[in-house]
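Asker: The sequence and its predicted three-dimensional model are supplied below.
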Amino acid sequence: MKHKIYDELLFSLNKLSKKLCRVIFVRGRPGVGKSYQIKQFLEHNKLSYIRITGDVSEGYFYRFLYENNGQIIWVNDSVKLLKNQGTMNILKSLTELEGPTIITKHTYNQNETELPQYFECNSSFIFDFNSEIPKNLTSDFEALKSRGECVNITLSNQDIIDIAREIFKSDEFIQVINFIQEQLNKTKLVTIDLRTIVKGVNTKIYCNAYGGDWKTHIISDITISSEIKQQLYELIGTDSILKQDFKELLLRKGLVKTLRTANSRIREWIESGVIFECGTTSIAKKYVSLCEK
């Protein structure tokens with residue numbers, strides 16, 4: 001899947017493979033091809049890597065790095081690792097390019113005698129995630145980001161359609177893509193991703209083999225996925241609204257109980273492509289909208 005949308009990601013991965021950077025952060029909503037691109041690149045270039053998903057505690061991090069020293073550490077959808085100040089400090093040290101990096105066992109169980117007291121770590125790191133970095137680590141994350149590359153993958157519905165047409169050439173896929181394109185032309189309240197298209201093709205194959213109207217099922221799936229958009233559309237239409245005003249509106253309408261919950265919901269909706277952030281770079285003047293501006 002080679003598309004200009006992924007050029008920045010592939011550029012950064014090439015730098016990592018040449019040891020010209022030691023950490024990459026790749027962020028984007030689910031289903032935009034982040035993990036697929038990373039996996040294809042690593043395997044095509046025969047690079048040794050290990051992929052982890054979930055939480056890795058600070059205590060275990062030392063052992064994990066020692067046992068996988070020299071490999072590319074691909075952390076998939078695990079911002080928790082960055083929430084720990086200890087592991088964040090270790091990562092900042094490990095991702096410096098100047099000279100060898102020695103890490104010690106001072107935070108790990110000293111009774112683990114099979115582990116050395118210290119070792120030179122030669123690993124590099126890829127963080128692939130959907131969510132935002134915790135606010136309490138913003139300064140630390142900026143310091144870590146400055147040591148490597150940060151790639152944001154943002155795709156519109158039309159980008160997804162264009163990429164799908166490049167990837168999928170079979171008649172089954174073409175028919176489904178064309179049908180989904182028709183539905184997108186009818187409404188702006190649907191957000192799709194590559195998984196939407198693959199799921200649609202599987203639905204079509206099933207219906208052809210066992211009966212059923214695949215178009216009806218795809219419309220149903222899209223409608224279910226856009227229910228929250230429909231609810232929000234009744235509140236704000238297609239206009240942009242200040243994020244702070246939007247929080248207060250959600251609270252007044254009883255969709256959330258606190259402003260803190262409103263903030264969490266808005267962040268989740270932005271990350272999943274339900275709403276879009278727009279406006280100035282000033283936090284106080286950030287707008288959100290149901291449509292891409």
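Answerer: That came in fine, so what should we check first?
Asker: switch to C-alpha atoms for all contacts and neighbour counts from now on
Answerer: Noted.
Asker: Can you point out the buried residues in the helix or strand of the chain with the lowest mean pLDDT?
Answerer: Within the chain, no helix or strand scores below helix 80-83, which has a mean of 71 by mean pLDDT, DSSP states H and E. Burial within helix 80-83, assessed by neighbour count using 16 or more other C-alpha atoms under 10 Å, is assigned to 81-83.
Asker: Against which helices or strands is the helix or strand following it packed?
Answerer: The element immediately downstream of helix 80-83 (helix or strand, assigned by DSSP states H and E) is helix 85-94. Helix 85-94 is packed against helix 58-67, helix 80-83, strand 101-104, helix 138-145, with contacts defined by 3 or more C-alpha pairs under 8 Å, 6 or more residues apart in numbering; DSSP states H and E.
Asker: Return the helix or strand that comes right after the longest one as PDB; C-alpha atoms alone will do.
Answerer: Looking back up the chat, that one is helix 58-67. Downstream of helix 58-67, the next assigned helix or strand under DSSP H and E is strand 72-76. C-alpha atoms of strand 72-76 as PDB (Å, rounded to 0.1, in the frame of the first residue of the first chain):
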ATOM      1  CA  ILE A  72      13.200  -2.400  17.100                       C
ATOM      2  CA  ILE A  73      10.700  -2.100  19.900                       C
ATOM      3  CA  TRP A  74       7.300  -1.500  18.300                       C
ATOM      4  CA  VAL A  75       4.800  -0.400  21.000                       C
ATOM      5  CA  ASN A  76       1.300  -0.700  19.600                       C
END
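Asker: and strand 72-76, which strands flank it?
Answerer: strand 49-53 (parallel), strand 124-129 (parallel) (DSSP bridges).
Asker: Next, the angle helix 58-67 makes with that strand.
Answerer: Calculated by axes from the mean of the first three to the mean of the last three C-alpha atoms, to 10 degrees, strand 72-76 forms an angle of 140 degrees with helix 58-67.
Asker: Run through who's touching strand 72-76.
Answerer: Outside strand 72-76, the residues that touch it by C-alpha atoms under 8 Å, 6 or more residues apart in numbering are 35, 47-54, 123-129.
Asker: picking up where we left off before, which one of the helices and strands packed on helix 85-94 lies closest to residue 215?
Answerer: Closest of those to residue 215 is helix 80-83, at 39.8 Å (criterion: C-alpha to C-alpha).
Asker: who does the closest one touch, helix- and strand-wise?
Answerer: Using 3+ C-alpha pairs under 8 Å, 6+ apart, helix 80-83 is in contact with helix 85-94.
Asker: Alpha carbons of the helix it packs on, as CSV, please.
Answerer: Taking C-alpha atoms only, helix 85-94 is exported to CSV below (Å, rounded to 0.1, in the frame of the first residue of the first chain):
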residue,chain,number,x,y,z
GLN,A,85,7.6,9.0,34.6
GLY,A,86,10.3,6.4,35.2
THR,A,87,9.9,4.8,31.8
MET,A,88,9.6,8.2,30.2
ASN,A,89,13.0,9.2,31.7
ILE,A,90,14.6,5.9,30.5
LEU,A,91,13.2,6.5,27.0
LYS,A,92,14.6,10.0,26.9
SER,A,93,18.0,8.6,27.7
LEU,A,94,17.7,5.8,25.2
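Asker: Quick one: work out the angle between it and helix 58-67.
Answerer: Using the same axes, to 10 degrees: helix 85-94 against helix 58-67 is 30 degrees.
Asker: got the angle for helix 85-94 vs helix 138-145?
Answerer: Going by the same axes, to 10 degrees, helix 85-94 makes 30 degrees with helix 138-145.
Asker: Please point out which parts of helix 85-94 sit buried.
Answerer: Residues 87-88, 91-92, 94 are the ones in helix 85-94 that count as buried (16+ other C-alpha under 10 Å).
Asker: how much space is there between the residue nearest the centre of the chain and residue 242?
Answerer: The centroid of the chain falls nearest to residue 130 when counting by C-alpha atoms, centre = their mean (2.8 Å). According to C-alpha to C-alpha, to the nearest Å, residue 130 and residue 242 sit 23 Å apart.
Asker: same thing with residue 46?
Answerer: For residue 46, the distance to residue 242 - C-alpha to C-alpha - is 47 Å.
Asker: Pick out whichever of the two has more residues nearby.
Answerer: residue 242 (16 against 9; other C-alpha atoms under 10 Å).
Asker: pretty sure the more buried one is touching residue 289, no?
Answerer: No - counting by C-alpha atoms under 8 Å, residue 242 sits too far from residue 289 to count as a contact (9.0 Å).
Asker: re earlier: tell me which two in the contacts of strand 72-76 are the farthest apart.
Answerer: 47 and 54 (22.3 Å).
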